[in-house]
Each structure stands twice: as structure tokens, then as C-alpha cells.
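> Quick one, fold the following:
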Amino acid sequence: MSHPSWHTGRRQQRGAVAIVAAFALLAALAAVVLAIDVGRLYWAKRELQKQAVIAALDATRLVGGCSVDDTAPVETDPAVLTAEIQTLVDQILATSGLGETIRRRVDGNGQPAGVDLGVIQTDAQGQRRLASTSSEPPDAVRVTLERPFPTPILPLWPTRSDRLMVASATAEQAALGSFYVGSGLLSLNEGMLNALLSGLLGGNVNLRLVDYTGLAGVGVSLADLAIAIGLEVQDLSDPLVLDTQTPLLSDTIDGLADALSGQVSGAVTGLLRQLAAVARAGADATVPLGALFGPVGDTAADVPMVNLLDLLIALGAATHADAGGGVAPIRLPVGISIPGVSSLQVFLQVLEPPRFSGMGRAGIARAESAQIRLMVRLQVNALNTVSNALTLLLGGGLLGQVTVTPLNLGIDLEVAKAEAFLDRIRCPRSADPTLATELSARPAVAQLRLGTFSGSPATAPAITQGSAQLLGTTIKLLGGLISTIQVNLFLENAVTTTAGSGAARPLPHAVTEFTRIEDATQVPYWQAEGVPPDAPAADNPQTVGTTNILGGALSSLFASARITATDPAHPDASSSICLLKVLNVCTLSIPVGSLLNAVLNPVVALLGSILSPTGALVDSLLDPLLDMLGIDVGSATVTMNTVTVDTPRLVTTALP
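From the prediction side, this is the model:
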């Protein structure tokens, strides 16, 4: 028989075990609940971070320049772009089914924000972070999201209901393109290029067509240009630094030879050395680089962005640029012959140099042709034309001594810049791997002025304002002792007209033919087909506007000029026929009548042939010279060059 105390002890032991077991069960249950709460926190944070990354990567399509819609324009205004990305983020959250739980982070005013635009820079600690910028277009976006902490299943400690979980993701993508406006490379003209470069460089340039073709076949990147002038690429991408860079023209051309020496043939570098020597022997002015390039980023700095021949012409033009036209005109030794013209002088004033697109973002990138004033001064020898006409009218040898003053004709052609714009880049994607670009252009408008001038054509005289004598004809019988016939022609005033329309219009077709270039030494890019000096492709280059209008405008301008035989400002110089002179005083005069028409008609016909749309002045001089300057009056020819499209990349998930 057991002792009662033994039974009591066993009951106490069983009670203690039950209590310990209960506490162990509670502890295990608490551990399980805590593990569940920690897991819920982890998955909530993970889902929040996942949505931030998805939203940031998707938003780079908008900020990077890839077209989302084939009809909507690419947005470039930062405020509007931010609003569009905020809407996109809200749509992504709604599609995920988490729109009521996860939201964009609110700002200090309690309004949903959570979207920041900028560029990626490396901070002092070597970390790549988003930096806001106003000097260059953004190509990166940061999306910051927040959500409430999950309510704990077992609230072991007090929690604040307003505590929020925050996650952020920063991503970048750059879709950039380069292009240019002008048709100069489509039909290289050796004589005009030699004349143009001789004038711009200040010396004698005498290259062959094959030389120019070699220069035209070389692409220059931002990195090449930076090496040429001894700067870092980052310096050229900073507009404030770029505007202060004014290297000597000869040093810049020599620097290009050094920068390209490992990429091009020795013939090309030799040509660059030769042109640098010409510039050095000439005026060798400084080049304002900021005038040649718009905002250029250092992304894709190794991708060719400009043609070497175009760059050389632009560098030379920039050294002479003056928006006010105060710089003395450059004489161009064109060296062409026009029937009936005894002296031909051509002068160029560069009002604004051309501006290259660089590697630019859709909606922002723009290329411009030069704004120039072309001055043509002609001296026409009308002696034979007038003498032959008067001989027929007055009976051959009865004419006596015929004197005809040279006919001075001046043409001023001031051409505003043409502009081209990169409207859209349709980036390759899994659903559609085709790359396409869409561009638009505003053709150049020209103002033509026709008149006469005084003095030698070689001095670039200004066109005379108001009425001025155009031609003087004197016929003296017996040395003028008995009778004198004087027929003077006057231009009532210089005449002016405008050629072309400056309305912007899209190019007819998207550019879709590209070849992908992959090189271990540079960023992969797409090269458009049809870039000169290669043969044109189906959709590259393209021209908008009306072509070949300069000749018609010049001809109609001449038709509107009023040529008369009297000058109200100088009545003593009016035409007259003196049949009898006594003591050098005219005692018998008659109206000029048909004699005036005998002089006027052949002179008008002579000038009309020179100024006709198919005449030598337009075909041999004006059109080729404007082409070499990249200028098309009334039209714009745009050539797509290169495109680079990065894949969207996650930069960092660090909180701002």
C-alpha cells in the first residue's frame, strides 16, 4: 500500500509537466506565428520591390526615347513626362491587382509622387545614382513605392498603423539617333568643293573627287572629336564647357587626323594634314564648338554621329560665322565661265554655321543647315549685242563709234536654315524586332534680291538702293562733232522675292533599313542603309518640299524688274538723239523711239538668258554651291545615319 504523499507528488509532477507543455506549445505557436509574420513581411517587401523594379524598367521606354505609340509624339517636357510615367505606374499596379495595397510614395503635401527623372552619375563613393539635370535630357527614372506593413497575426509588441514599407528602383535606357540635313554628299562637285574649302580655310585647296569621296566615307564620333581637341567626352556633353571651347581651326583638323589615325586609311589622315596646313597658313581662326552641336550626352560616345567632310565644312564655316553679317564676305574662287559674262565674283557670308544632331533623343534631337548670304556680282559685256542690233537698225557702217558701258548685275541670296527633327524611334522588342525611325523637316526659305551696283565686282559692292543706271550706250558720228546718239537704261529699283515655304512636314516614309554593327571596341549600333557615299536606299535619304525652284524664282524676279530709259533723279542722263550739234551744243534732237527698243530688247534677252531657270548661272554656280553647303532652297533632304538602343537596365534599388 502506497503512501498518500507519493500519490500527491505524482499528481504535482503531472501538473508541472502539463504546465511546461502548455508553455512549450504556446512558445512553439508564437514562434510559428512570428515566422509567419516575418515571412509575410519578407514577401510584402519582396512584392513591393518587384513592382518598383517592373515599373522602373517599363518607364524607361518613355524616358529613354523609345516610341510607345506609333502615332503619339514623344514627350520631352519633364513635367508632362513625369505625369505620364506616374499614370503608367498606376496602371502597372492596377494590372497586378495590388493597386489598393501598393501606391506611389506621397510627397510632403500628401500627394502621390514617387517618380523622379534624371541622368545616372557616379557619386564620391563610387555608387551610380540618379541625379537631376536641366542641361541635358533625362534618360533614367526612379520609381519609389510604399505600402502599409502587414498587420501582425500575433501583436507581441505595439505597432503604429501609419508605418509604411518603402522600396525604390532606378533604371535607365537610351534610344539615340544621329542624322543630318542637306544634299551635299549626294552629288559631290570637285570644283565647288575646292572653291568652298579654299574660301573657308583661307588658302588654296585642290583635292580630287576621289579625295572628297574618301572624306565623305568616314564617320566621326563624339569620342573622336573629344580626342581631337584634347578633352574628355564628359566635357563635350556639358553645354557650359562646350560653349567655352574655341580651338584653332588648324589644331582641330590636325587633332582629327590623330584621333582617326587607327581607324581610317593613311590617305585620309594625309588629306587632313594637308587641309590643316592650308588653314594654318591662312587666317587660322578659332572654332566656336558650342555653335555646331546641340545638347549631346556621353552615352554611345563611340558611335559615329557626323560625316567627316560635313564636319570639315562646318568647322570652316563656324570660323566665319556672324549673325549680324558684319564679318567681311569670303571670296570663293569658283572658276566657271558663263557666256556673255566678262567678270564673275562670288562671295559668302556665314550668318550661322550648321548644327549637327549628335546622338540625340527622339523629340529633342535636331539638325540644322547653315544660314548664309551668297553674293554674286556679274559684269556683262553687252557691246557686241547692242552694236549688232544698232547696226541692223541704222544701216551698218553709218553708226560710227559705239561705246557701251559694262552692265553690272548683282544677286544677293540669303538662305535661312533648314531644320530636321527626329520624331520617333520605334525600338526593337520581342513582339516586333523591327527598328524604325520617323523624321520631319522644315525646308529652307530664301530671299533673293536682284539689282545693279557701282564699282568693281571684285570688291563685293552692295546692291544700289533706288534707281540706278544699268547700261549706257553712246554712238558718235564723226567723233561726236556733228551728232550723238545716247541710250541709257535704268533699273528703277532693286527687286526682291521669297522662294520656298518654311512649314515643317514629316518625311513620307519611316526609315526601316538598318544594319547592326557589333564591335568589341564600341557600343553596338545600327547603321542606316543609303548613307552617302553609298547608293541611296528606298527610304533613305528622303526629301520634302519643292525642289529646283531657285531658277524659276530668279527668272520671275528678273521679269518683275522695271528697266526704263529715263531716271527722274538724273534727268540729264536720260536717253536722247542729237542729229545736229553746233559748237558742241545740240540744236536738233528727236525722240529716241524705236532706237530705244533696239537697245532694250537685246539687252533684256541677254540678261534673261543668263538668269533663266536652265541658264549657266543656276546650273553651274548657284545650285552646286548651295549643295556643297548642304542647302536646298524650298526643300530639305534628310539622311538618317545611326541609331543606338540600350536594353532597359536596373541601376540601383537604393532608396533616395
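
> SS state for E518?
strand (DSSP: H, G, I helix; E, B strand; the rest coil).

> so where's the longest helix in this structure?
Taking DSSP state H as the criterion, the chain has its longest helix at helix 4-64.

> Measure how far it is from the centre of its chain, please.
The chain centre lies 64 Å from the centre of helix 4-64; the measure is C-alpha atoms, centre = their mean, to the nearest Å.

> how far away is N206 from S265?
For N206, the distance to S265 (C-beta to C-beta, to the nearest Å) stands at 20 Å. All C-beta spots, glycine's among them, are computed from the backbone N, C-alpha and C.

> R61 now?
Applying C-beta to C-beta to R61 and S265 gives a distance of 41 Å.

> Looking at these two, which one has more neighbours?
R61 (19 against 13; other C-beta atoms under 10 Å).

> residue contacts, the nearest residue to L413 once chain neighbours are set aside?
Sequence neighbours aside, L374 is the residue nearest to L413 in space, at 4.3 Å (criterion: C-beta to C-beta, 6 or more residues apart in numbering). Counting by C-beta atoms under 8 Å, 6 or more residues apart in numbering, L374 touches 346-349, 412-415, 622, 625-626.

> Which pLDDT value goes with L374?
You'll see L374 listed with a pLDDT of 87.

> Now do the strand or helix carrying it: distance to the chain's middle.
Counting by DSSP states H and E, the element that carries L374 is strand 371-380. Offset of strand 371-380 from its chain centre (C-alpha atoms, centre = their mean): 26 Å.

> Walk me through which strands that strand pairs with, and which way each runs.
Strand 371-380 has the following strand partners under DSSP bridges: strand 341-352 (antiparallel), strand 407-415 (antiparallel).

> need those in JSON lines with mean pLDDT, can you?
As requested, the strands paired with strand 371-380 are exported to JSON lines (pLDDT from 0 to 100):
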{"stretch": "strand 341-352", "mean pLDDT": "85"}
{"stretch": "strand 407-415", "mean pLDDT": "87"}
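
> Just want the phi and psi numbers for A416.
A416 adopts backbone torsions of phi -70, psi 160, taken as degrees, to the nearest 10.

> in terms of contact, does it touch V445 like I think?
Yes - taking contacts as C-beta atoms under 8 Å, A416 lies within contact range of V445: 5.0 Å.

> Neighbour count: the two, which is higher?
A416 (22 against 19).

> what about the more buried one, distance to A636?
Distance from A416 to A636, by C-beta to C-beta: 11 Å.

> Which positions in stretch 641-653 come out as buried?
For stretch 641-653, the neighbour count (16 or more other C-beta atoms under 10 Å) marks 641-646, 648, 651 as buried.

> With stretch 37-46 instead?
Neighbour counts over stretch 37-46 (16+ other C-beta under 10 Å) mark 37, 44-45 as buried.

> center of the chain, which residue is that?
By C-alpha atoms, centre = their mean, the mean C-alpha position of the chain lies nearest to A367, the distance being 0.9 Å.

> Look at that one and give its secondary structure.
Using three-state DSSP, the structure places A367 in strand.

> Contact partners for the closest residue to it other than its chain neighbours?
Distances taken as C-beta to C-beta, 6+ apart place S357 nearest to A367, at 4.2 Å, with adjacent residues excluded. By C-beta under 8 Å, 6+ apart, the residues touching S357 are 177-180, 294, 305, 365-367, 420, 422.
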